[in-house]
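Following is a predicted model, sequence given first.
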Amino acid sequence: MPFEYAPAPESRSIVDIKASYGLFIDGEFVDGHGKSFKTISPSTEEVLAEVAEADEADVDAAVKAARKAYDKVWSKLPGRERAKYLYRIARIIQERSRELAVLESIDNGKPIKESRDVDIPIVAAHFFYYAGWADKLEYAGRGTDPQPLGVAGQIIPWNFPLLMLAWKIAPALACGNTVVLKPAETTPLTALLFAEICQQADLPPGVVNIITGAGGTGQALVAHRGIDKVAFTGSTEVGKAIARTVAGTDKKVTLELGGKAANIVFDDAPLDQAVEGIVTGIFFNQGHVCCAGSRLLVQESVAEELLARLKRRMSTLRVGDPLDKNTDIGAINSAEQLARIRELSAIGEAEGAGRWSPECELPTTGFWFPPTLFTDVTQAHRIAREEIFGPVLSVLTFRTPSEAVEKANNTPYGLSAGVWTEKGSRILSMANQLRAGVVWANTFNKFDPTSPFGGFKESGYGREGGRHGLEAYLK
Ligand code: NAD
């Protein structure tokens, strides 16, 4: 009998959640003209705060504030001055990292060990990294005097709220643009805390504007004639709608969309390490990860052995309170997302795949789904083709490297892939053949601000991160 863990909850007292929040426009929090909506904790269903829903007039006010700040202040500052603000923001993020991590886990449902050790450190790293670029843009590969685009409208999803904000805002500001950013409707709180950090850093008013709301607010932002650039991360469906809206205008667009990554394990792979990589690949952040390794492709000769070890490992995963430091899998972000995961899992069973989850007790309130794997999955199954965006792994097998490549690429997406093998030459050969923006070798879900990220095919276009990420914000 393994020992039991005692609860180790992180304290909430470091976070001060207000009863209601306005919109952050022109350096101040203002009441919106529209309605408001509630943001809840997905692990308890407790209402956390009432948040303003920006309507068209609010979007217009935010875009005008961003334009004024662009024309009068930000585009005129030398890069080294912009860098000082970005460094200041990065340092404040580090100083307030515990507060940010706790708030992210409360509003999103992700385990505190992930928001504390992964999300927030990479957020700060992004601001540090792009602060470093702000006075070196002539070395970015965009000519000797690269110019900013103007005002960027940025829309982000709920799975990595503050991290997606950093991926958008840091390069935009470094290049001299101003921004209007809309966080997802289920996770607005860390973006609003970031607005306070902008105030604390004395960022000139209007350089960053944060407007909260749902799809309608996002649509109004994308359609606004005053923006020069749309940066979107979210579903492929909404990405396509955005591409249609901006068609025929001179707005620049980058789209970071969905994925259905193959995590490919060859028979010479170190199996225990591969098991860890598979677990990180699909159960990190409850599987709410665009680049999640949601399709495991395992070489037939080691499939039985690997699955036995994987099941053993999955039985040790702890599902529960996101604020408990021992938790591996937190809450599903919303009732809607839980319904989608349940629906696709039921379809997997109905189509004949074998469903397995370890025994695990789920809390009675909030939104929860156990770590799950499906065996005997074929390429025709919907669980092998559609993004589930939850802790659900589909297992397929292959016999030869070429069969692995063919199956891995048999998807409308192309965001990421993983290869597990002892052979370096095989890694390089596979990486060349896989139609995916990122290929990890003997690891998975590793992120670094210096490394570009983005998709092939329906996973979108444009790159975020690294030097490539600057191209999206320069003429
Ligand atoms: P979503 O597309 O429903 O929503 C994303 C954002 O777009 C939200 O802020 C939402 O309010 C807004 N939005 C909704 N409808 C809109 C419209 N018509 N016009 C403008 N904005 C609109 O996606 P989601 O469910 O929040 O996020 C999950 C999806 O995001 C998954 O498909 C996932 O793969 C993808 N994702 C991709 C990346 C990446 O880098 N490629 C990263 C994270 C998430």
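In hand now; what should we look at? Numbering: from 1, shown residues only.

residues near whatever residue of the chain ends up closest to the ligand, how many?
Residue nearest to the ligand within the chain (C-beta to the nearest ligand atom): Gly218, separated by 2.3 Å. For every residue, glycine as well, the C-beta is placed using N, CA and C. Neighbours of Gly218 under the rule other C-beta atoms under 10 Å: 26.

Phi first, then psi, for it.
Here is the backbone geometry of Gly218 (degrees, to the nearest 10): phi -60, psi -40.

That one against Ile156, yeah?
No. Gly218 is beyond contact range of Ile156, at 9.7 Å (criterion: C-beta atoms under 8 Å).

where do the contact lists of the two overlap?
Among the neighbours of Gly218, those also in contact with Ile156 (C-beta atoms under 8 Å, 6 or more residues apart in numbering) are Lys182.

Centre-most residue in this structure?
Nearest to the mean C-alpha position of the chain, counting by C-alpha atoms, centre = their mean, stands Phe160 at 4.0 Å.

Find the nearest non-adjacent residue to it, please.
Closest residue to Phe160 apart from its sequence neighbours, by C-beta to C-beta, 6 or more residues apart in numbering: Asp119 at 6.0 Å.

Could you look up the SS state of that neighbour?
Going by DSSP: H, G, I helix; E, B strand; the rest coil, the secondary structure assigned to Asp119 is helix.

Now the residue of the chain closest to the ligand: closest residue in space, sequence neighbours ignored.
Once flanking residues are discounted, Gly218 sits nearest to Ile155: 4.8 Å by C-beta to C-beta, 6+ apart.

Same check on Ile156?
Computed as C-beta to C-beta, 6+ apart, the closest residue to Ile156 that is not its neighbour in sequence is Met164, at 3.9 Å.

List the buried residues for stretch 212-222?
Neighbour counts over stretch 212-222 (16 or more other C-beta atoms under 10 Å) mark Thr212, Gly213, Thr217, Gly218, Gln219, Ala220, Leu221, Val222 as buried.

Packing partners of the helix or strand where the fifth one lies?
Gln219 is located in helix 215-223, with elements delineated by DSSP states H and E. Packed against helix 215-223 by the contact rule (3 or more C-beta pairs under 8 Å, 6 or more residues apart in numbering; DSSP states H and E) you find helix 56-72, strand 151-155, strand 178-182, strand 229-233, helix 236-246.

Could you give the number of residues near the residue nearest to Gly218?
Look at Ile155: counted by other C-beta under 10 Å, it has 25 neighbours.

and the residue of the chain closest to the ligand, what does it touch?
Residues in contact with Gly218 (C-beta under 8 Å, 6+ apart) are Ile155, Lys182, Val238.

Quick check, pLDDT for the last one.
It refers to Val238. Reported pLDDT at Val238 in the predicted model: 98.

give me the number of residues near it?
Neighbourhood size, Val238 [other C-beta under 10 Å]: 20.

wouldn't it be in contact with Gln219 here?
No. Checked against C-beta under 8 Å, the pair Val238 and Gln219 is beyond contact range at 9.3 Å.

can you list residues touching both of the two?
Shared contacts of Val238 and Gln219, defined by C-beta under 8 Å, 6+ apart, are absent.

Could you measure from the nearest residue to Leu470 once chain neighbours are set aside over to Pro452?
Of all residues not flanking Leu470 in the chain, Ala140 sits nearest, at 4.6 Å (C-beta to C-beta, 6+ apart). From Ala140 across to Pro452, the span is 12 Å (C-beta to C-beta, to the nearest Å).

who touches both of the two?
Arg467.

In space, what's closest to Ile106 - neighbours in sequence excluded?
Nearest non-adjacent residue to Ile106, counting by C-beta to C-beta, 6+ apart: Ser41, 5.4 Å away.

how far away is Met314 from Ile427?
Separation of Met314 from Ile427 (C-beta to C-beta) stands at 26 Å.

okay, these two: which has more neighbours?
Ranked by neighbour count (other C-beta under 10 Å), Met314 and Ile427 place Met314 first, with 24 against 18.

where does the more buried one fall, phi/psi-wise?
Here is the backbone geometry of Met314 (degrees, to the nearest 10): phi -60, psi -30.

what sits against it?
Contact analysis of Met314 by C-beta under 8 Å, 6+ apart lists Val279, Phe283, Ser357, Pro358, Pro371, Leu373.

Just send these back as TSV, with secondary structure, pLDDT and neighbour count too.
Output for these, formatted as TSV (DSSP: H, G, I helix; E, B strand; the rest coil; pLDDT from 0 to 100; neighbours: other C-beta atoms under 10 Å):
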residue	secondary structure	pLDDT	neighbour count
Val279	helix	98	20
Phe283	helix	98	24
Ser357	coil	98	17
Pro358	coil	98	16
Pro371	coil	98	24
Leu373	strand	98	23
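
And the furthest pair within those residues?
With C-beta to C-beta as the measure, no two of the contacts of Met314 lie farther apart than Val279 and Ser357, at 13.7 Å.

Helix or strand for Asp448, just tell me which one.
Applying DSSP H and E, one finds Asp448 in no helix or strand.

Could you measure from it over to Gly258?
Distance of Asp448 to Gly258, computed by C-beta to C-beta: 22 Å.

Between these two, tell me which one has more neighbours.
Between Asp448 and Gly258, counted using other C-beta under 10 Å, the more crowded position is Gly258 (23 against 12).
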